[in-house]
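Trainee: what shape does this take:
(chains A and B, ligands or ions: 3)
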Amino acid sequence: MAGRSGNGTLPLAALTVDGLQALLQAFRQHGYRIVGPTVRDQAIVYDDIESVEGLPRGWTDEQDGGRYRLTQLGDDALFNYAVGPHSWKQFLHPPLLRLLSVERDAATVRVVPEIPPTQRFAFVGVRACELHAIGLQDRILLGGQYVDPHYSARRESTFIVAVNCGKAGGTCFCASMNTGPKVEKGFDLAITELVGEGPHVFLVEEGSDAGSAMLDEVPHRAATQDEIEAAQAVVARTAVAMGREIRSGDLRELLLGNLEHLRWEEVASRCLSCANCTMVCPTCFCTTVEDTTDLTGDHAERWRRWDSCFTMDFSYMHGGSVRASARSRYRQWMTHKLASWIDQFGTSGCVGCGRCITWCPVGIDITEEVRAIRESPATTEGSS
Amino acid sequence: MPKPRRLKLAVWKFASCDGCQLSLLDCEDELLAVADAVEIAHFLEATRARVNGPYDLSLVEGSITTPHDAERIQQVRRSSRFLVTIGACATAGGIQALRNFADVREYLSVVYARPDYINTLATSTAIADHVTVDFELRGCPINKRQLLEVVSAFLAGRRPVTPPHSVCVECKLAGNVCVMVAHGTPCLGPATHAGCGALCPTFHRGCYGCYGPMETPNASSLTNWLHKLGMDDRALQRIYRTFNANAQAFREESEKHDP
Ligand code: SF4
Ligand code: SF4
Ligand code: SF4
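Mentor: Residues are numbered from 1 along each chain as shown, chains lettered A, B, ... in the order given. Ligands and ions are numbered 1, 2, ... in the order given. Reported below is the predicted structural model:
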C-alpha cells in the first residue's frame, strides 16, 4: 500500500482488544493473508495468524549475543517483545522461489515463467526498524532500473499494521541508527499498546488512505489526551532502554579507513562463516540461481534462493573464490552493511534490529566490532 | 532426435552398511526413470545380473579397510569413466574410522575368536585417499534427492547442485528457530556441510555432523561456544568422532580434546 509520509501527527483513535480482533476479521473479509508474531518452538516467529489469540499474549524475550529465551510474564500484553528470528523478507522476498520451468518434447522447448502470486498480505506488528528495512529492500528491488516482479507483486498489495515498540530487546540499537523505536512512515496503520494501568487499548495512527478506510470498518473511539501522552511515553521509554548502541555518524570513514585493521583477523578467528547473520538480516537481499534437470532431461527448473557473502560460491570466479579467507568475508559483510551501502544506496544498510547479534551461533556482535575498531584505530596503515 | 546410447551405471560396495546404495532403491517413484535413463550394469544389492565394464558412471559406497579392497578400488577406477563416492564412509572413512584413533589389533582380539583369520588395515580411509574421485556426495546416509540430482546432472553434463555451505543456511531457508540460540542445544550445523535440509534442527535437535565438515569449517570457535554451553572435553571429542571422524577438520578438532 502507498503510505502517507509521516507528519508527526499524534495517534488519534483508540481500539480495544475486541477492536483489534475486528480489524483482523476485516482483513480476512477483504481476502488478506494475515501474518504476525506468534509463538513457535520457543521463539516469537512471523507466521499466519487467525485471531488475536494467535498473538504472543503475556510473552516476552531476553536477547543477548548468541542467546534468545522466551519468558512468560503472564500479563495481557500482546506486543511486549522485540524482533525474533524471522523478518518480513521471509514473505516479500522468499528464501526459495521457482523462477521458471522448462518442458521439452520431441518437437519443442517450452519455457513457463513463474507467475507472481495474487495473494495479498496483511502484516500485523511491523516494528520501526523493520519498516526501514522494507524501505531499503524497496529501494533495491523496486527502485532501480531492474524491478523484481516477484517482490513487487507481494509488496505493492501488502497492508502494514506497524507497532511502536514498548520494549527494547537486549540486542536492539535502532535509536543509534535513527530507525526507531517510533514508527514514522511506510505504514497503513500504526498502533501503540497501552497495557497495565488503565484499560488495555491500542492507539491507532493512520498512515494511508487504505489504512483510514480499514479503520473506519471497525469499532473505535477517539483517544483521550491522557492516552496520547501515555503512548508518547511508551516510545520515549523504549528509546532510552536500547540493549546496544553504535556511534553511527562517521561509520563509513571509520571502517573504510581501517580495512587492514588487526581486528578483522581477530573476528575471523571466531566467525564460523555459517551465514546466519545474513539470513536473519532484514536488509540482506542477495540470492543465487540454481538450475536443475530431471533424469529424463525433459523437465528443467530454475530456482532462486537466498545466498550469503559468507559462502565461497558467492565470490567464485573462474579458478577460485575472491574472498577465500573468513577475514575477507566478514569484512565484506560489515563494511558493506555499514559503509559502502551508503555509497551504493544513499543510507546505511543496517537498521539496528540486533538480529545478527542474537542469532549468531557464537554471539559475534556488530556493535562490539565497531567499538573495537574505533577504540584502536589504524593498528596497521589504513588503506582505502 | 535419436536417443543416445544408454549410459552404463555401476554401484560398488566397500566397507559400509549399505544404507547409501539402498537410497537408490529407496527412490521408489523415480526408480523406473533411473532404469530408463541408465543401464544398471552392476548393482549387487539390486540384481545379480552383471554387465562387464567399462562403466560410464560408478557410484562407490564404503571405505577402504582391507588390503584386498585397496586393490579392488584400483580396478573400479580403471573401469570407470566417472567415479562418484557416496556417503560418509566413502568420502571420509565412516564410523569405522574410529579405529584410526585406536589400536586395531586390540579390537581384533576382543571381537574375534580367531583374530589371525582377519586380514585388515590399521585404518579406514576415504576412497579419495586411494584413487582420483570425480565427485563426492556427502552424508550418513546420503540424501536421495541429492543422489538423483547427481545422476541427473551427470546425464545432462552439468555440475550437480549440492552446495558446500553450512547446514545453518538450510536451517534458515526452512524458517527454523535455531536450537542452539533459542534452546541452548549444542548443534554442529555451523561447521557441517549442507545436504540434509537441516533435518535434525527441524525436529528440535542439534546437528550431529552427518555430512562432515562444510567448505570453510571453523570447528575451534564452535567448540569454544559448545564448551560454554556445558560440554566437557570428553563430550566434545565424541561429537566430532562420529560418522565423519576421519574428515580432516573434525579429526583435528577431536584430537585437541584427548582426555
Ligand atoms: S546488520 Fe544486524 S542489526 Fe543491522 S539490520 Fe542487519 S541484522 Fe539488523
Ligand atoms: S558473524 Fe556469526 S552468524 Fe555471521 S557468519 Fe560469522 S559466525 Fe555466522
Ligand atoms: S539450529 Fe544448528 S543448523 Fe540451525 S541455525 Fe542453529 S546452529 Fe545452525
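Trainee: care to break chain A down by domain?
Mentor: In the domain annotation for chain A, the residue ranges read A:13-239, A:251-375 (automatic domain parsing).
Trainee: and ligand 3, which of these is closest to it?
Mentor: Set against ligand 3 and scored by Cβ to the nearest ligand atom, the domains of chain A come closest in domain A:251-375, at 4.6 Å. (Glycine included, C-beta is placed from N, CA and C.)
Trainee: which stretches of the stretch 51-200 of chain B form strands?
Mentor: Along the stretch 51-200 of chain B, the stretches classed as strands by DSSP state E, counting those that start in this stretch are B:55-61, B:80-86, B:135-137.
Trainee: residue numbers of the stretch 201-350 of chain A in contact with chain B?
Mentor: Residues of the stretch 201-350 of chain A lying close to chain B by Cβ under 8 Å from any Cβ of the partner chain are A:269-276, A:279-280, A:290-297, A:305-306, A:308, A:310-313, A:326.
Trainee: buried ones from those residues, can you make that a PyMOL selection?
Mentor: Only the buried entries of these go into this PyMOL selection, using 16 or more other Cβ atoms under 10 Å in any protein chain shown:
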select buried, chain A and resi 270+271+272+273+274+275+276+279+280+291+292+293+294+295+305+306+308+310+311+312+326
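Trainee: now, the residues of the stretch 201-350 of chain A next to chain B that are in strands?
Mentor: Cross-referencing those against strands under DSSP state E gives A:290, A:291, A:292, A:293, A:305, A:306.
Trainee: pick out the most distant pair among those.
Mentor: A:293 and A:306 (22.4 Å; Cβ to Cβ).
Trainee: now do the helices in the stretch 1-150 of chain B.
Mentor: Per DSSP state H, counting those that start in this stretch, the stretch 1-150 of chain B carries helices over the ranges B:19-25, B:28-37, B:67-78, B:87-92, B:104-111, B:144-156.
Trainee: which stretch among those is buried most, on average?
Mentor: Using mean count of other Cβ atoms under 10 Å in any protein chain shown, the stretch among those with the largest mean neighbour count is helix B:87-92, at a mean of 31.
Trainee: what packs against that helix?
Mentor: On a contact count with 3 or more Cβ pairs under 8 Å, 6 or more residues apart in numbering or on different chains; DSSP states H and E, helix B:87-92 meets helix B:19-25, strand B:55-61, strand B:135-137.
Trainee: by mean pLDDT, show me the worst of the ones you listed.
Mentor: Note on the helices and strands packed on helix B:87-92: helix B:19-25 shows the lowest mean pLDDT, a mean of 91.
Trainee: any residue of that one up close to chain A?
Mentor: No - contact between helix B:19-25 and chain A is absent, the nearest approach being 12.1 Å (criterion: Cβ under 8 Å from any Cβ).
Trainee: tell me what that helix is packed against?
Mentor: Judged by 3+ Cβ pairs under 8 Å, 6+ apart, the packing partners of helix B:19-25 are strand B:7-13, helix B:28-37, strand B:55-61, strand B:80-86, helix B:87-92, helix B:144-156.
Trainee: quick one, the second one and helix B:144-156 angle?
Mentor: Right, the one you point to is helix B:28-37. 20 degrees (axes from the mean of the first three to the mean of the last three Cα atoms, to 10 degrees).
Trainee: distance from the chain centre to helix B:28-37, please.
Mentor: Distance of helix B:28-37 from its chain centroid, counting by Cα atoms, centre = their mean, to the nearest Å, is 23 Å.
Trainee: could you do the fifth one as well?
Mentor: For helix B:87-92, the separation from the chain centroid amounts to 3 Å (computed by Cα atoms, centre = their mean).
Trainee: that older thread, which among the strands of the stretch 51-200 of chain B is found nearest to ligand 2?
Mentor: strand B:135-137 (24.1 Å).
Trainee: just to revisit the earlier point, can you list the domains of chain A in a markdown table and add mean pLDDT and distance to residue B:238?
Mentor: Shown next, in a markdown table, are the domains of chain A (pLDDT from 0 to 100; distance: least, Cβ to Cβ, whole Å):
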| stretch | mean pLDDT | distance to residue B:238 |
| --- | --- | --- |
| domain A:13-239 | 96 | 23 |
| domain A:251-375 | 97 | 20 |
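Trainee: possible to save those as JSON lines with distance to ligand 3?
Mentor: What follows is the domains of chain A, written out as JSON lines (distance: least, Cβ to the nearest ligand atom, whole Å):
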{"stretch": "domain A:13-239", "distance to ligand 3": "9"}
{"stretch": "domain A:251-375", "distance to ligand 3": "5"}
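Trainee: let's have these in CSV, adding distance to residue B:120.
Mentor: Shown next, in CSV, are those (distance: least, Cβ to Cβ, whole Å):
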stretch, distance to residue B:120
domain A:13-239, 44
domain A:251-375, 37
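Trainee: residue B:12: which of these is closest?
Mentor: Closest of those to residue B:12 is domain A:251-375, at 20.8 Å (criterion: Cβ to Cβ).
Trainee: list the contacts for residue B:152?
Mentor: A:292, A:293, A:294, A:295, A:297 (Cβ atoms under 8 Å, 6 or more residues apart in numbering or on different chains).
Trainee: out of the residues you listed, which is nearest to residue B:105?
Mentor: Distances from residue B:105 to the contacts of residue B:152, taken by Cβ to Cβ, are shortest for residue A:295, at 46.7 Å.
Trainee: that closest one touches residue B:31, doesn't it?
Mentor: No - Residue A:295 lies out of contact with residue B:31 (Cβ atoms under 8 Å); the separation is 10.1 Å.
Trainee: what are the ranges of the helices in the stretch 101-250 of chain A?
Mentor: Using DSSP H, counting those that start in this stretch, helices in the stretch 101-250 of chain A cover A:128-141, A:149-156, A:174-177, A:209-216, A:225-239.
Trainee: just checking, what packs against the helix or strand that the longest one is followed by?
Mentor: When you say that, I think you mean helix A:225-239. Moving toward the C-terminus from helix A:225-239, the next helix or strand (DSSP states H and E) is helix A:251-256. If contacts are counted by 3+ Cβ pairs under 8 Å, 6+ apart, helix A:251-256 sits against helix A:326-335, helix A:366-375.
Trainee: and the first one, is it in reach of ligand 1?
Mentor: No - contact check for helix A:326-335 against ligand 1, using Cβ under 6 Å from any ligand atom: none in range, with a minimum separation of 8.1 Å.
Trainee: and residue A:71, helix, strand or coil?
Mentor: Residue A:71 falls in the strand class when you classify it by DSSP: H, G, I helix; E, B strand; the rest coil.
Trainee: and the residue nearest to it when sequence neighbours are not counted, what does it touch?
Mentor: The shortest distance from residue A:71 to any non-neighbouring residue, by Cβ to Cβ, 6 or more residues apart in numbering or on different chains, is to residue A:60 (5.8 Å). By Cβ under 8 Å, 6+ apart, the residues touching residue A:60 are A:70, A:71, A:72, A:73, A:77, A:80, A:81, A:167.
Trainee: ligand 1 is nearest to which of the helices of the stretch 1-150 of chain B?
Mentor: With Cβ to the nearest ligand atom, the closest approach to ligand 1 among these belongs to helix B:144-156: 30.4 Å.
Trainee: now do the closest one against strand B:7-13, angle only.
Mentor: Taking the same axes, to 10 degrees, one finds helix B:144-156 and strand B:7-13 inclined to each other by 140 degrees.
Trainee: what angle do helix B:144-156 and strand B:80-86 make?
Mentor: 160 degrees.
Trainee: now helix B:144-156, how far from the centre of its chain.
Mentor: Per Cα atoms, centre = their mean, the centroid offset for helix B:144-156 relative to its chain is 16 Å.
Trainee: circling back: of all the helices and strands packed on helix B:19-25, which lies closest to residue A:187?
Mentor: With Cβ to Cβ, the closest approach to residue A:187 among the helices and strands packed on helix B:19-25 belongs to helix B:144-156: 41.1 Å.
Trainee: give me the nearest residue to residue A:77, chain neighbours excluded.
Mentor: For residue A:77, ignoring the flanking residues on the chain, the nearest one in space by Cβ to Cβ, 6+ apart is residue A:195 at 4.6 Å.
Trainee: isn't that neighbour up against residue A:76?
Mentor: Yes - with contact defined as Cβ under 8 Å, residue A:195 counts as touching residue A:76 (5.6 Å).
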